[in-house]
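**Q** Sequence and computational prediction follow.
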Amino acid sequence: MGLDDAADLQRSSFPSTFAWGVSTASFQIEGAAREDGRGPSVWDTFCATPGNIADGSDGSVACDHYHRYVEDLDLLTQLGVTSYRFSMAWSRVQPNGEGDWNEPGFAFYDRLLTGLAERGIEAHLTLNHWDLPQALQDKGGWLNPEIIQRFCDYACEVGRRFGHRLASLATHNEPWVVAMLGHDSGIFAPGLKDRAVAMQVAHHLLVSHGVALQALRAQGLQTRLGIVLNLSPFHAATESLTDQHKTHLEDGMLVRWYLDALLRGHYPEDVWQHLGDDVPKVNPGDLTTIQQPLDFLGVNYYTRSVVSAGAPWSAKDLGLPVTDMEWEIYPQGLTELLVRLDRDYDMPPIFITENGAAFKDKVENGQVNDLERVAYLQSHIKAVAAARQAGVNVQAYFVWSLLDNFEWASGYAKRFGIVHIDYQTLKRTPKQSALWYGQFLRGR
Ligand code: FCB
């Protein structure tokens with residue numbers, strides 16, 4: 001799809017109150033890893049082990065957003081977004097994850113929030129986008145139940161200082177990723193490989209979410225409070241019973257485990273049975289704590305999941321359209337997912353907190369002609385419109401991401417930005433997708 005084929009996609013088909021934004025995360029863009037008193041996070045440690053990051057890189061400079069945030073805020077103005085989603089680096093504001101607060105760290109986020117307010121852009125903050133203070137990991141990290149109180153202290157301090165300046169505040173980004181990729185497959189920080197540990201970590205993340213929400217509500221905050229999950233529709237590779245069974249189970253691990261707990265106050269029985277000895281230790285009252293009212297649910301959507309009990313299913317091998325991550329481009333899955341969530345749960349309003357794609361972008365004559373990303377964004381925004389037409393209460397859409405950035409275990413090789421970063425010079429070049437998004441937001 002070219003730029004002109006978007007004629008039937010109009011901002012005006014969404015309500016004027018609909019929030020349009022872009023997303024980033026602290027570790028992926030900030031850099032300044034050792035400046036102004038920031039403590040190390042688990043991702044600094046993870047990057048330091050050879051073999052963990054595809055290109056051997058780390059987050060010490062990243063996009064240098066810590067120093068160039070004014071330029072980045074101006075990019076937001078150029079885009080014409082109403083809203084910006086970002087995360088706070090816990091170890092920047094509390095280097096040890098407990099004890100003293102680091103004022104220069106808070107001062108950075110104060111400057112950022114002031115810059116957003118001056119530009120009339122809403123701030124959507126995530127407390128935990130994975131960069132846990134290493135000092136807390138040294139005490140067991142998310143496995144140690146004491147972290148629940150530490151996280152609550154951090155959430156409350158942020159609420160007290162900044163709550164009134166935020167349009168929304170999310171506790172965690174993608175707890176499934178922290179639990180499973182961080183503690184089961186070990187391909188993300190802190191790199192552990194133990195499913196029982198992973199499930200206990202998932203439980204502590206959810207309990208800490210509930211405890212923090214209760215405490216923030218007790219402060220009388222007007223900010224909308226929620227959590228962000230990575231979700232996808234699940235399809236079986238074949239009609240065989242084994243594929244169907246595995247598909248239901250994987251849906252249980254990713255979707256129902258989190259949503260049944262958050263919205264119904266229990267874990268799904270079939271997944272609990274399947275986990276056997278790896279089930280988490282659950283204290284009386286934990287699930288009531290987890291089931292706090294949500295002002296919004298953040299949904300991150302990239303692709304569907306196709307499950308095979310045999311050889312792994314590969315969209316690329318089947319010749320289906322894929323991104324540079326080899327994730328299938330499947331916009332209809334976003335409509336399907338949203339309609340399913342709305343049907344199966346008593347849903348709070350939904351924000352699409354991340355949606356986007358990596359492609360092999362190149363600067364040519366000062367331009368990045370990323371028409372595949374333009375088409376990806378257009379088709380997914382249409383998928384959101386279709387879900388809204390089907391009655392799903394989606395209130396916000398954020399592109400992942402504003403900038404090319406540190407893509408976790410893939411390092412800098414995978415580019416998700418609508419603004420290109422030259423990592424030699426740190427020059428920012430808006431791609432064609434940024435120009436298109438700006439035109440769309442201006443109603444052209
Ligand atoms: C999500 C993460 C985000 C980014 C995208 C591509 O899982 O939340 O930080 O890496 O994937």
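**A** Okay, I see it. Numbers count the residues shown, from 1 in each chain.
**Q** ok, which residues in the stretch 1-150 of the chain are in contact with the ligand?
**A** 25, 28 (CB under 6 Å from any ligand atom). All C-beta atoms are positioned from the backbone trio N, CA, C, and that covers glycine.
**Q** Strands of the stretch 1-150 of the chain, start to end?
**A** Here the stretch 1-150 of the chain has its strands, by DSSP state E, counting those that start in this stretch, at 19-23, 83-87, 122-128.
**Q** The second one pairs with which strands, parallel or anti?
**A** Sheet pairing here is set by DSSP bridges, and for strand 83-87 it gives strand 19-23 (parallel), strand 122-128 (parallel).
**Q** Name the residues of the stretch 251-400 of the chain found near the ligand, please.
**A** Listed as neighbours of the ligand in the stretch 251-400 of the chain under the rule CB under 6 Å from any ligand atom: 300, 354, 400.
**Q** at 8 Å instead, please
**A** For the stretch 251-400 of the chain, the residues in contact with the ligand (CB under 8 Å from any ligand atom) are 300, 302, 325, 354, 356, 358, 400.
**Q** For the second one, grab phi and psi.
**A** For residue 302, the backbone dihedrals (degrees, to the nearest 10) come out as phi -120, psi -40.
**Q** What about it, how many residues nearby?
**A** Around residue 302 sit 24 other residues, with neighbours defined as other CB atoms under 10 Å.
**Q** Tell me how many other residues surround residue 93.
**A** 24.
**Q** hmm, back to that, would you turn the strands paired with strand 83-87 into a markdown table with mean neighbour count, mean pLDDT and distance to residue 271?
**A** Shown next, in a markdown table, are the strands paired with strand 83-87 (neighbours: other CB atoms under 10 Å; pLDDT from 0 to 100; distance: least, CB to CB, whole Å):
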| stretch | mean neighbour count | mean pLDDT | distance to residue 271 |
| --- | --- | --- | --- |
| strand 19-23 | 24 | 99 | 29 |
| strand 122-128 | 24 | 99 | 23 |
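**Q** Dump the ones you listed to CSV, plus distance to residue 190.
**A** Below are those laid out as CSV (distance: least, CB to CB, whole Å):
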stretch, distance to residue 190
strand 19-23, 24
strand 122-128, 14
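**Q** hang on, the earlier thing: nearest to residue 438, of the strands of the stretch 1-150 of the chain?
**A** strand 19-23 (10.5 Å; CB to CB).
**Q** so how far is the closest one from its chain's centroid?
**A** Here the centre of strand 19-23 is set off from its chain's centre by 13 Å, with CA atoms, centre = their mean, to the nearest Å.
**Q** what's next to that strand, contact-wise?
**A** With contact meaning CB atoms under 8 Å, 6 or more residues apart in numbering, strand 19-23 is reached by 11, 76, 79, 81-86, 122, 124, 167, 351, 353-354, 395-402, 418, 441.
**Q** circling back: can you check which of the strands of the stretch 1-150 of the chain gets nearest to residue 267?
**A** strand 122-128 (21.2 Å).
**Q** And the residues of the stretch 251-400 of the chain next to the ligand, which of them are buried?
**A** 300, 302, 354, 356, 358, 400 (16 or more other CB atoms under 10 Å).
**Q** Now render those as CSV, adding pLDDT.
**A** Conversion of those to CSV gives the following (pLDDT from 0 to 100):
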residue, pLDDT
300, 99
302, 99
354, 99
356, 99
358, 99
400, 99
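**Q** beta partners of the residue nearest the centre of the chain?
**A** Residue closest to the mean C-alpha point of the chain, counted by CA atoms, centre = their mean, is residue 173 at 4.8 Å. Counting by DSSP bridges, residue 173 is bridged to residue 228.
**Q** What's the local residue count around the closest residue to residue 260 other than its chain neighbours?
**A** In this structure, residue 260 finds its nearest non-sequential neighbour in residue 268, 5.0 Å apart by CB to CB, 6 or more residues apart in numbering. Using other CB under 10 Å, residue 268 has 21 other residues around it.
**Q** What of residue 14?
**A** Under the neighbour criterion other CB under 10 Å, residue 14 is assigned a count of 18.
**Q** That one and residue 385 touch, don't they?
**A** Yes - taking contacts as CB atoms under 8 Å, residue 14 lies within contact range of residue 385: 7.0 Å.
**Q** Tell me the residue of the stretch 1-150 of the chain that sits nearest the ligand?
**A** Ranked by CB to the nearest ligand atom, the top residue of the stretch 1-150 of the chain for proximity to the ligand is residue 25, at 4.8 Å.
**Q** Identify the residues contacting that residue.
**A** Taking CB under 8 Å, 6+ apart as the contact definition, residue 25 lies against 86, 87, 126, 129, 130, 173, 405.
**Q** any idea which of the residues you listed is closest to residue 45?
**A** Relative to residue 45, the closest of the contacts of residue 25 is residue 130; by CB to CB it sits at 12.4 Å.
**Q** Show the pLDDT at the closest one.
**A** Residue 130 is assigned a pLDDT of 99 by the prediction.
**Q** thought it was touching residue 177?
**A** Yes - assessed by CB under 8 Å, residue 130 is found in contact with residue 177 at 7.3 Å.
**Q** any common contacting residues for these two?
**A** Shared contacts of residue 130 and residue 177 (CB under 8 Å, 6+ apart): residue 188.
**Q** Looking only at neighbour counts, state which of these two leads.
**A** residue 130 (26 against 19).
**Q** If we ignore the residues flanking it in sequence, what's nearest the more buried one?
**A** With sequence-adjacent residues excluded and distances taken as CB to CB, 6+ apart, residue 130 is closest to residue 178, at 6.0 Å.
**Q** cool, and residue 443?
**A** residue 11 (5.4 Å).
**Q** The residue lying closest to residue 162 once chain neighbours are set aside: neighbour count?
**A** Of all residues not flanking residue 162 in the chain, residue 113 sits nearest, at 6.3 Å (CB to CB, 6+ apart). Residue 113: 18 surrounding residues under other CB under 10 Å.
**Q** you'd agree residue 113 is up against residue 163?
**A** No - the criterion here is CB under 8 Å, and residue 113 misses it with residue 163 at 11.0 Å.
**Q** Stretch 316-325: which residues count as buried?
**A** For stretch 316-325, burial by neighbour count (16+ other CB under 10 Å) applies to 322, 323, 324.
**Q** For whichever strand or helix holds residue 246, name the packing helices and strands.
**A** Using DSSP states H and E, residue 246 sits within helix 241-251. If you count contacts as 3 or more CB pairs under 8 Å, 6 or more residues apart in numbering; DSSP states H and E, helix 241-251 packs onto strand 234-236, helix 269-275, strand 305-307.
**Q** model confidence over that helix, on average?
**A** Per-residue scores along helix 241-251 average to 98.
**Q** buried ones in it?
**A** 243, 246, 247, 248, 249, 250, 251.
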